[in-house]
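1. Got a predicted structure plus its sequence, pasted below:
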Amino acid sequence: MDRDRSLEELERDRWPAPPADASRLISTAHDLRRRPIGELTVEDMRLLIGQDIGLAYLLPLALEVLRDNPMAEGHMYEGDLLSAVLTRSPGVWEEWPELGLELGAIVSGLADLPVPLSQKTARFLALQP
């Protein structure tokens with residue numbers, strides 16, 4: 001994966017400029033799609049993954065971060081990247097089962113998680129083969 005390329009380049013899909021009255025979330029997502037993926041921060045990945053944008057490229061990057069620091073934090077709360085990854089639809093993990101297995105290995109060793117994150121982890125693990 002070429003980390004010097006943006007999601008727009010990797011997906012070969014250039015989005016039109018957002019409307020002038022677009023929300024901050026929409027404007028930010030559009031901007032982040034133009035940034036090289038290697039420059040995306042934890043917060044950037046959390047935001048895009050939470051919107052199901054660029055998952056084929058961003059989930060592997062997010063798992064790299066989570067391997068080193070499962071409680072990596074963007075701008076929301078400790079573990080917010082993990083939360084964004086865990087709450088993707090089951091279809092995501094059916095499409096990329098190897099990523100689901102890796103995420104399962106990461107979270108199965110975690111203890112003393114905050115209750116909301118513990119519940120998301122349990123739901124994710126219950127759906128895994």
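-> Yep, it's here.
2. Tell me who's in contact with the most centrally placed residue in the chain.
-> Centroid-nearest residue in the chain, with C-alpha atoms, centre = their mean: residue 49, separated by 3.5 Å. Going by C-beta atoms under 8 Å, 6 or more residues apart in numbering, residue 49 touches 55, 58-59, 62, 81, 84-85, 88. C-beta here means a position set from N, CA and C on the backbone, and glycine is covered the same way.
3. next one: residue 76
-> Going by C-beta under 8 Å, 6+ apart, residue 76 touches residue 46.
4. So which residues of this structure form helices?
-> With DSSP state H as the criterion, the chain has helices at 7-11, 24-33, 42-50, 55-68, 80-86, 90-95, 97-108, 115-127.
5. I'd like the distance between residue 107 and residue 123.
-> Distance of residue 107 to residue 123, computed by C-beta to C-beta, to the nearest Å: 11 Å.
6. Now the two most distant members of the contacts of residue 49.
-> Greatest spatial distance among those (C-beta to C-beta): 55 and 81, at 13.5 Å.
7. Enumerate every residue touching residue 86.
-> Contact analysis of residue 86 by C-beta under 8 Å, 6+ apart lists 103, 107, 117, 120-121, 123-124.
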